[in-house]
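**Q** can you look at this prediction? I've put the sequence above it.
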Amino acid sequence: MIDPAALPALHASHGGIWIREGDRTAAVPKGTAIARTAETPTLLLNAPLTGQRLGYPDLNGLDLLELWAFIHPARFLVPTPKGLAEALNLPRPASESDIPALLQAATGALLAMLESPAWIEREGGWTAAQSLHRLRWPWAPLVAPRIARPKEAERWLFSKLPEWEESPPRPAPRTISLQSDAVVARLQQLTGTGAEARPGQQAYAAAAVEVFHPRAHRDQPNMLLAEAGTGIGKTLGYLAPASLWAGEAQGTVWISTYTKALQRQLDRESLRLFPDPAVAAKRVVVRKGRENYLCLLNLEDALQGGFAGRAAILAHLVARWAAFTKDGDMIGGDLPGWLPTLFRRNGSTALTDRRGECIYAGCPHYRKCFIERSTRASADADIVIANHALVMINAARGRETGQAPQRIVFDEGHHLFDAADSTFSVALSGQEAIELRRWVMGPEGNSRGRRRGLAARLSDLASYDEQGGEAIRAAADAARALPADEWLKRVVAGEPFGPVEALLAAVRGTVYARAADGGEADAGYGLETELAEPDGTLVEAAQEAARALDSLLRPLTHLGKRMEAVIEEAPDWLDGAARARVEGAIASLGWRRDLVTAWLALLARIGGPADADYVDWLAVERIEGREYDIGIHRHWLDPTRPLAQAVLKPAQGVLITSATLKGGGDWDNAMSRSGANHLPRGAGRFEANSPFDYPGRSEVLIVTDIKRGDIAALSGAYARLIEAAGGGTLGLFTAIRRLRAVHARIADRLARAGLPLYAQHVDPMDTGTLIDIFRDDPRASLLGTDALRDGVDVPGHSLRLVVMEGVPWSKPTVLHAARKLAASNQGGGGSAYDDRLIRARMAQAFGRLIRRAEDRGSFVILSAAMPSRLLSAFPPGTPIRRLTLDEAIISVSGQSRAGLNGNATLGLQGLDAGTHDLEQK
Ligand code: SF4
């Protein structure tokens, strides 16, 4: 057996490269490290990241993260040396040069686990190791000999997963009214009897009761807009009435979030509602879109030869996880977010049901399917934790659950507008159209994995019903007009094939002719132009494409009717399983029909009159100059109109809540961005200010001596501020290009000072993993863009400084310009509209800083051009100063020291405290 201590180990960071061989660790140059790893299997942690640090992306080795994923699937691990040491109870490395020794020790500990009776994830391990040996997984020679062969053959994953149970449809909820004292009692039960009474939270819970009263008028839900500052405890504030109502009325409350972070937090809170985990798992269910879950049929195909090389190894590691996962959620669930990135995402998306190819009851794993299980579980749950997009889609379609959500709490409600904006939008793009072609036609050419066209999915219907069979054939013929593989190459080369590719070529020509390339920051990224005054080529191409799409729509519509007829006729072969499959096909066909109908409306607009309800534009999507999609886009000018129609009006009660619901404006702003303005009787309002001591524990520093566009000065400012805070910094950018430039200039310098710097769009890791690493290491800092502005919940000392590179102005997109114009036409003033958006972004970013009463920190904006009128974004009383970078650095280091000492006084050495509050409005 190979002795792990005999294996060399490598660690590379921005601060240096170290290799350990035998019992000696040495710093080495890049070339030596690359050559050494090519010669001998070498232990390392996170191969893509190590490869990036070496400037050698193809680096291979014995990656301890892969070994962890094999031994402890579905177990959380912060993928850093510190995280690994803590998970294995090994001493934390004191310096970077100690890390290779840690990797050897960790390897020894992990491999020893394989021989230990305490290994709880043993089941299936022996069989998986044999398969991985055949696939030449580098760890297999070390792993396989250490696992004892089980006495009896291990059960195949697909036979050991539990089956879900069918239950009768749940009756409609009882009509009840909640009593306020019962809600307060429930709240006390949730917070714990010893907890300090929080009047803001009690008032919040009492106000939220309104949402659970019986509805008095049709199309008018009991709706409440509630702005509750950070620290009020709004989560338990709404869970108290929601859980009480769900229990007494025997109904389901949908709680909807925008970020996965809050979804996870709510899932944890469910244990307060139901301390027994088995009961909690039944009563509180997390629901996500089906594209998040592992599709067992796709996994089976991958394991049986559909995947090759590294993708096949990933499939086996995912199969290990599938046996231990709580719910099969691959994105943000208990599959480590870092696992797919170790395989450069090769194959992971093909394991989910992204393309809507599910064959429902025709699938041999239907009764064990994670997606079906979660759908069924949510029908009987008290609380369903979902996201805004899923709630909107379920409400609009009302099909998946059999009934649309009736009692809804939208937390992170300030994102409702954006979520509705994207949910109710339409895009006729190359990527969307090729997906439709694949859904209709199935596999073409050398495509990998399981793809089935309509003909294969509905073969029994086709053989029973001649007209249905004919419709399927006609749809497949018509789908040939849609873009095929390599469409983008042909379009760029000016050689489109078929009417839809020709349309995309005409769109591209118009965009390049009319759109201005972005400024310094956006050059090489998206290009777009308004859909107005189309030229003859585009109009003709649109007409041809419309004819082709119409030829596809007709057989799809006919097929839908035939399937409904078959359900009515109920032939002998239509047993329960076949019926479920046909019903599933009717639903997914319906969505495609709606999509093609929306595309046709969009094409009719080219050369026809504009519709004042929509904003239409043409776009070429690019990343660093490389094109990846071309299309025509349509958004609602006011997406809260379809939101009100499809989601709010049919509901009985809706609570929309957030710490920043007014979004840098006033209640009118909250009303117009939540859809309340489209309800006959509007919505109630509740407001509770944060109990946190913002004036005493935070400060806003506006640095006035960094020249706009000076990357060297911007980088220097970031580096010095991060050094002053000793890490713990969240750096926010509005342009990826600038983020990368700053990171490239400062990462090495900071690493040498023992301050690791991570960055979105730079480090080959998913955002969730980056946040986990940041949270876990108080000396780490993280740079990122929009998603971090309010997707980060890092209480405590790990986050003590937020730095914004400048004022977060809105990008001058076609959509933004149209909404701004509409706001000024309605008398709101275009610049007031802009100001509201900027204030909302700043308030969200500031909100990252103080998450608990004992937190403290600084919020720095590197912009002399920060208009005073925007400063009302910050909580009342927060000290705000304009100062030089040198002064800001003194303040930040004082604030950080005070945080470390738990000192209640601000470190304001050498600064004029008398300037505080001068600019606070
Ligand atoms: S029922 Fe559908 S989603 Fe589930 S495993 Fe089968 S094909 Fe995949």
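**A** Now that the structure is in, tell me what you want to look at. Numbers count the residues shown, from 1 in each chain.

**Q** CA atoms for contacts and neighbours, from now on please.
**A** OK.

**Q** so the closest residue to the ligand within the stretch 301-450 of the chain, which state does it fall into?
**A** The ligand sits closest to residue 358 of the stretch 301-450 of the chain, with a gap of 3.7 Å, by C-alpha to the nearest ligand atom. The three-state label given to residue 358 by DSSP: H, G, I helix; E, B strand; the rest coil is coil.

**Q** for burial, what's the neighbour tally of it?
**A** Neighbour count for residue 358, taken as other C-alpha atoms under 10 Å: 22.

**Q** dihedrals phi and psi, it?
**A** When quoted as degrees, to the nearest 10, the phi and psi of residue 358 stand at phi -50, psi 140.

**Q** also residue 244?
**A** Residue 244 adopts backbone torsions of phi -60, psi -50, taken as degrees, to the nearest 10.

**Q** check contacts around it.
**A** Residue 244 is in contact with 178, 183, 186, counting by C-alpha atoms under 8 Å, 6 or more residues apart in numbering.

**Q** list the buried residues for the lengthiest helix in the chain?
**A** Assignment by DSSP state H gives helix 536-569 as the longest helix of the chain. For helix 536-569, a neighbour-count test (16 or more other C-alpha atoms under 10 Å) marks 538-546, 548-553, 555-560, 562-563, 566-567 as buried.

**Q** okay, helices next: where are they in the stretch 651-800 of the chain?
**A** Per DSSP state H, counting those that start in this stretch, the stretch 651-800 of the chain carries helices over the ranges 667-674, 694-697, 711-725, 736-752, 767-776, 786-791.

**Q** closest to residue 254 out of those helices?
**A** Judged by C-alpha to C-alpha, the one of these that comes nearest to residue 254 is helix 667-674, at 17.0 Å.

**Q** ramachandran angles for residue 275?
**A** Phi and psi for residue 275, reported as degrees, to the nearest 10, are phi -60, psi -30.

**Q** what of residue 707?
**A** The phi/psi pair for residue 707 (degrees, to the nearest 10) reads phi -70, psi 130.

**Q** rewinding a little: mind checking which of the helices of the stretch 651-800 of the chain is nearest the ligand?
**A** With C-alpha to the nearest ligand atom as the criterion, the ligand lies closest to helix 767-776 of these, at 24.7 Å.

**Q** follow-up on the earlier one: in TSV, list the helices of the stretch 651-800 of the chain along with mean neighbour count, distance to residue 118 and mean pLDDT.
**A** Shown next, in TSV, are the helices of the stretch 651-800 of the chain (neighbours: other C-alpha atoms under 10 Å; distance: least, C-alpha to C-alpha, whole Å; pLDDT from 0 to 100):
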stretch	mean neighbour count	distance to residue 118	mean pLDDT
helix 667-674	20	52	92
helix 694-697	19	47	94
helix 711-725	20	43	97
helix 736-752	18	38	94
helix 767-776	21	27	92
helix 786-791	18	37	76
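
**Q** make a markdown table out of the ones you listed and add distance to the ligand.
**A** Output for the helices of the stretch 651-800 of the chain, formatted as a markdown table (distance: least, C-alpha to the nearest ligand atom, whole Å):
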| stretch | distance to the ligand |
| --- | --- |
| helix 667-674 | 33 |
| helix 694-697 | 48 |
| helix 711-725 | 46 |
| helix 736-752 | 35 |
| helix 767-776 | 25 |
| helix 786-791 | 29 |
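
**Q** identify whichever of those lies nearest to residue 290.
**A** helix 767-776 (19.5 Å).

**Q** which strands or helices does the closest one pack on?
**A** Applying 3 or more C-alpha pairs under 8 Å, 6 or more residues apart in numbering; DSSP states H and E, we find helix 767-776 packed against strand 757-759, strand 781-784.

**Q** same thing but 10 Å
**A** Applying 3 or more C-alpha pairs under 10 Å, 6 or more residues apart in numbering; DSSP states H and E, we find helix 767-776 packed against helix 81-87, helix 260-273, helix 338-342, strand 729-732, strand 757-759, strand 781-784, helix 786-791.

**Q** lowest average confidence across the ones you listed, which one?
**A** In terms of mean pLDDT, the lowest-scoring of the helices and strands packed on helix 767-776 is helix 786-791 (a mean of 76).
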